[in-house]
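1. no sequence on hand, only this structure:
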């Protein structure tokens, strides 16, 4: 085997391993948090609940006025 072929196999093996590692890491991170984590959405929701602000529920079956620009 030539050195070029060995280096090619090493690069391919590294790329496959790197892809598998990050895929597994991404799946495990999603199990830790329901929304994927990293955003401030949960902190905002907690602050809204703490202040007692009730969200406005919109019935999707109501007729809406849609204005196009």
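-> Structure received. Not measured: the values here are computed from a predicted model.

2. just name the shakiest helix or strand of this protein by mean pLDDT.
-> helix 41-51 (a mean of 79; mean pLDDT, DSSP states H and E).

3. what packs against that one?
-> Packed against helix 41-51, as judged by 3 or more C-beta pairs under 8 Å, 6 or more residues apart in numbering; DSSP states H and E, are no other helices or strands. Quick note: C-beta positions are derived from backbone N, CA and C, even for glycine.

4. next, the buried residues of that helix.
-> Within helix 41-51, no residue is scored as buried using 16 or more other C-beta atoms under 10 Å.

5. tell me, how many residues neighbour residue 27?
-> By the criterion of other C-beta atoms under 10 Å, residue 27 has 9 neighbours.

6. give the helix, strand or coil label for it.
-> helix (DSSP: H, G, I helix; E, B strand; the rest coil).

7. where does residue 56 fall, phi/psi-wise?
-> Dihedral pair for residue 56: phi -90, psi 120, per degrees, to the nearest 10.

8. neighbours around it, how many?
-> As a measure of burial, residue 56 has 5 neighbours, counting by other C-beta under 10 Å.

9. that one and residue 50, how far apart?
-> 18 Å (C-beta to C-beta, to the nearest Å).
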